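>>> turn this into a model:
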Amino acid sequence: MDNKGISRTLQKAGKLLELHEANPFKVRSYQNAAFSIDKISEKLAEKSEDELAVMDGIGKNLVR
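Have a look, this model is predicted:
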């Protein structure tokens, strides 16, 4: 999956969480991650979980 696909998936997950009245901080973290991924030129699919966990806007909670 390319970065745009990952970003779209996170956006949809954030919208679903919002519809189900999940914790607003969790919803915002999905939205922020999708926004950050749109700005990244590196292919995220080729990164390890540890590399993704330390990237700004993504973090360990979204990776796992």
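>>> residues contacting the helix or strand Thr9 falls within, please?
If you go by DSSP states H and E, Thr9 is part of helix 3-19. Helix 3-19 has contacts (Cβ atoms under 8 Å, 6 or more residues apart in numbering) with 1, 26-28, 30-31, 33-35, 37-38, 40, 43-45, 62. (C-beta placed from N, C-alpha, C; glycine too.)
>>> ok, and the most crowded of those residues?
Ala33 (25 neighbours; other Cβ atoms under 10 Å).
>>> just the pLDDT for it.
You'll see Ala33 listed with a pLDDT of 94.
>>> ok, it to Ala53 distance?
12 Å (Cβ to Cβ, to the nearest Å).
>>> quick check: neighbours shared by the two?
Gly59.
>>> quick check, central residue of the chain?
Ala33 (3.5 Å; Cα atoms, centre = their mean).
>>> and for Asp50, the neighbour number?
Residues near Asp50, counting by other Cβ under 10 Å: 9.
>>> for it, report the pLDDT, please.
pLDDT, read off for Asp50, is 93.
>>> now Asn32: closest residue in space, sequence neighbours ignored.
Sequence neighbours aside, Gly57 is the residue nearest to Asn32 in space, at 5.4 Å (criterion: Cβ to Cβ, 6 or more residues apart in numbering).
>>> many thanks, we can stop here.
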